[in-house]
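1. When you get a sec, could you give me coordinates for this:
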Amino acid sequence: MKRFVFLLGLWAALTATPATAEAPGPGEAMAIFAGGCFWCMEPPYDKLDGVIRTTSGYTGGEKPNPTYKDVSSGRSGHVEVVAVIYNPEIVSYEKLLHVFWRNIDPVRANAQFCDAGPQYRSVIYVGNEVEREQAEASKAELEASGRLGLPIVTEITEAAPFYPAESYHQDYYLKNPARYAYYRWGCGRDERLKQIWGDEAGGH
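-> Next comes the predicted model:
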């Protein structure tokens, strides 16, 4: 993971206890999205009405309970993701998909913005056939629009076990707003999102 020098101090916390992620309760559902750095995928969902909580974590690999060190190596098979617990009576899965697309670069393979490697690829992890149909439809609609100019490389695949990331990663944008803002700016995330999506670009 190619992050800035000021983030290297985080390696000292790699042995921290993982955060906990509660399963969806009655009347709740969970959606899992990979859009590069998971710090940057929490804010757009946290501000949505109907979203109950977000948890940064890992999925897609075979190793149980992976650490940040495991995943950032790019060799674990896991991907950085955000799990979104939401109330489907208030916010639809289609709306979550809309927010997802406008917070990623759908035409960049095995990377997002300044973060390169398969652990940062963009993926929609679907939990059932209804989600798969909606995800496939949203991707097809975006491809048909021609607005991206290149093929969409974002994957749509079956959900795998989700492992919460270490506690210091959770709500990083709230705990460390200056560092988060500097990382996001230095990574060119908002600049690229603006190029792709214009006024529809995702918030932060």
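
2. count of residues packed around residue 166?
-> Residue 166 is flanked by 19 other residues according to other CB atoms under 10 Å. For glycine as for every other residue, the C-beta is placed from the backbone atoms N, C-alpha and C.

3. show me where this structure has strands.
-> Assigned strands in the chain, in chain order: 29-35, 51-59, 79-86, 111-112, 115-116, 122-126, 155-158, 163-164 (criterion: DSSP state E).

4. okay if I get those as a markdown table plus distance to residue 178, mean neighbour count and mean pLDDT?
-> Conversion of the strands of the chain to a markdown table gives the following (distance: least, CB to CB, whole Å; neighbours: other CB atoms under 10 Å; pLDDT from 0 to 100):
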| stretch | distance to residue 178 | mean neighbour count | mean pLDDT |
| --- | --- | --- | --- |
| strand 29-35 | 22 | 24 | 98 |
| strand 51-59 | 19 | 23 | 98 |
| strand 79-86 | 22 | 26 | 98 |
| strand 111-112 | 22 | 22 | 98 |
| strand 115-116 | 20 | 18 | 97 |
| strand 122-126 | 27 | 23 | 98 |
| strand 155-158 | 33 | 14 | 98 |
| strand 163-164 | 25 | 20 | 97 |
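
5. could I get the ones you listed as JSON lines with distance to residue 148?
-> Compiled in JSON lines, the strands of the chain are given as follows (distance: least, CB to CB, whole Å):
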{"stretch": "strand 29-35", "distance to residue 148": "15"}
{"stretch": "strand 51-59", "distance to residue 148": "25"}
{"stretch": "strand 79-86", "distance to residue 148": "21"}
{"stretch": "strand 111-112", "distance to residue 148": "15"}
{"stretch": "strand 115-116", "distance to residue 148": "20"}
{"stretch": "strand 122-126", "distance to residue 148": "12"}
{"stretch": "strand 155-158", "distance to residue 148": "16"}
{"stretch": "strand 163-164", "distance to residue 148": "31"}
